[in-house]
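> mind folding the following:
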Amino acid sequence: MFLAWLLTFTLATGSGPMNSALQATEAPTTLRAAFTVELQSSNARRIYRFDPREKGRDRWKAIVWEGEDEELDAVAAEWAAEAAPDGRLFPDDLRASLGPEVLVDDKGAAWKISFHHRPNNNDGEFDVWAAERLAATAWLDPVGERFLRIDYTLPKPVAGPEGGTLTRYDQSYFIRTEPRWGMSYVSGFSIDLQARAAFRTIERRYSANIVKADFFFASNEAQQAFESANLTQ
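Numbering: from 1, shown residues only. Sure, this is the predicted structure:
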């Protein structure tokens, strides 16, 4: 019991490995990414290539198209329509989501961090609703000082925001470190939910996996400014 108490502690997010890990998620706005992503559900598989340096339809191109799934296509279309689809790879609002303090359970190779998601300016209506009901967990490598993944789980069934009952909700973000500048990026995510309404059960399962990513700065001047700032730290 005493040992368990020693391995669980409260940590300010602005200190130690936590702060370093958060800084790695806060990429400058001038950092861009060209990437290849695989979207997959139980019925379909899509692979898209995005490159912000291309123009028009060449920015977001379908490479592989297997099966039929209208909802998966809607997810891809919404992503493609964003002004900067590569922005989803940068979890730059994580510090605001964690808040000033978190509860840490030291598992040895990784820290299990429990927190209450705090809505911020990037969150939509569903995010705000979910933040009040979902249990949030982050996994952090305290030696490498980098996040590994973020999980959101529904502890028990609740009334849905638009009626019915949400019986299951699991969402995970997987995080890697790009090797050149040491910034953290979202390398994939998965969603698994189940809801019941009007005598029917609705299930949604899909995932996204970044199979390739090329990071670069919007200009040579932006890269030099970033590298100079990091040399002085």
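
> only C-alpha atoms from now on, for both contacts and neighbour counts.
Noted.

> just checking, what packs against the top strand by length along the chain?
The strand of greatest length in the chain, counted in residues with DSSP state E as the criterion, is given as strand 200-217. With contacts defined as 3 or more Cα pairs under 8 Å, 6 or more residues apart in numbering; DSSP states H and E, the packing partners of strand 200-217 are strand 31-41, strand 184-197.

> run the last query once more with 10 Å
With contacts defined as 3 or more Cα pairs under 10 Å, 6 or more residues apart in numbering; DSSP states H and E, the packing partners of strand 200-217 are strand 31-41, strand 44-50, helix 70-81, strand 165-177, strand 184-197, helix 220-231.

> may I have the strands that pair with that strand, each with its orientation?
Strand pairing for strand 200-217, using DSSP bridges, gives strand 31-41 (antiparallel), strand 184-197 (antiparallel).

> between these, which gets nearest to residue 231?
Residue 231 lies closest to strand 31-41 among those, at 17.3 Å (Cα to Cα).

> check which helix or strand residue 129 maps to.
Take DSSP states H and E as the rule and residue 129 turns out to sit in helix 125-131.

> pull that helix out as PDB, backbone CA atoms only.
Taking only C-alpha atoms (Å, rounded to 0.1, in the frame of the first residue of the first chain), the coordinates of helix 125-131 have been written out as PDB:
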ATOM      1  CA  GLU A 125     -20.000  21.100 -29.200                       C
ATOM      2  CA  PHE A 126     -19.600  17.300 -29.000                       C
ATOM      3  CA  ASP A 127     -16.100  17.800 -27.500                       C
ATOM      4  CA  VAL A 128     -17.500  20.000 -24.800                       C
ATOM      5  CA  TRP A 129     -20.300  17.500 -24.100                       C
ATOM      6  CA  ALA A 130     -17.900  14.500 -24.100                       C
ATOM      7  CA  ALA A 131     -15.400  16.300 -21.800                       C
END
